[in-house]
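Undergrad: Pasting the sequence and the predicted coordinates here, then a few questions.
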Amino acid sequence: MSTDFKKLTPREVRALAEANKLDTATGALCPDYVKASLLILPSSYADDFLRFASWNPEIFPVLEVIREKPVSSFLAPGANLCTALPRYRVFINGEVSEDVNEVKALWNIGSVGFLIGCAASADGLLLENGLSVRHVEEQKAMPLYETKLRTNPTGPFRGPVVVSMRPMTQTEVKKAYRLTESLELVQGAPLHIGAPSEIGIRSLETPNYGDAVRIAPDETPVFWSSPATMQAVLRFAKLPLAITETPGFPLVSDIRNAALPELFKKEKARV
């Protein structure tokens, strides 16, 4: 495939996904644009999840809730959530059933979709300010690790916190913290810096999800909370059916990172 992925627009990314022609991690594409993790649940569990998200806002900042038809009206107007991502993960009774390219047959009248802000959205800001974002540079799926930290439980939802990792020098760490601490809608400041073992990570070379990236001798690992936490939470919840994106393949929205806070405020007021 000869497509130059670095030059794709969000709409082009989604069009390639819908045509089953996208085989690269979307978290590394369109770094100036908001990325959103996806969760699709039966309606009977929707309220429980919204309560769970409200108790864990730094992990699950819900940006959009979609009912009836699986079509986004805010983050990516007109995009079908069942086809606009390259890879989906289907859970049945808490176990991963399969990873598929689309889930049109699994959306029904009782389905509810959630689009959740994720730290990949901040990558554009970090890059603009001269910071290294290794998984973007290497065009890999963001490395994600389960930790010994725990979510605040609600209803059937509970489990370990999953974090994303970006290696940085000490000078970059301070700058990254300052740049991201106000970005609550896309998971904000780092959750932990350095010493992976302190949060229960045994090896950075073997992420639970995504791809390992190079870490230079003068760099330290910096960890952000991740909505991929839902991968672990669904194992505990054992719901009859749930759908997420395959880790590393979030929805690429039409909203630029800098515009999200004001647009989100207007959307909440409208709803």
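TA: Arrived safely. Residues are numbered from 1 along each chain as shown.
Undergrad: Residue ranges in the stretch 151-271 of the chain under the pLDDT threshold?
TA: Scanning the stretch 151-271 of the chain for pLDDT under 70 picks out 271.
Undergrad: again, but for the stretch 1-150 of the chain
TA: In the stretch 1-150 of the chain, residues with pLDDT under 70: 1-6.
Undergrad: Helices of that one, start to end?
TA: 10-18, 46-55, 123-128, 134-137 (DSSP state H, counting those that start in this stretch).
Undergrad: Of all those, which one is nearest T180?
TA: Smallest distance to T180 across the helices of the stretch 1-150 of the chain (Cβ to Cβ): 7.3 Å, for helix 123-128. (C-beta placed from N, C-alpha, C; glycine too.)
Undergrad: CA-only coordinates of that closest one in CSV, if you can.
TA: The C-alpha trace of helix 123-128 is given here as CSV (Å, rounded to 0.1, in the frame of the first residue of the first chain):
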residue,chain,number,x,y,z
ASP,A,123,0.5,14.0,21.1
GLY,A,124,0.1,16.8,18.6
LEU,A,125,0.6,19.4,21.3
LEU,A,126,3.7,17.6,22.5
LEU,A,127,5.1,17.4,19.0
GLU,A,128,4.3,21.1,18.3
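Undergrad: So for it, what gets flagged as buried?
TA: D123, G124, L125, L126 (16 or more other Cβ atoms under 10 Å).
Undergrad: Also stretch 226-240?
TA: By neighbour count with 16+ other Cβ under 10 Å, stretch 226-240 contains the buried residues S226, P227, A228, T229, M230, Q231, A232, V233, L234, A237, L239.
Undergrad: again with stretch 131-145
TA: For stretch 131-145, a neighbour-count test (16+ other Cβ under 10 Å) marks L131, S132, V133, R134, H135, V136, K140, A141, M142, P143, L144, Y145 as buried.
Undergrad: Good, wrapping up.
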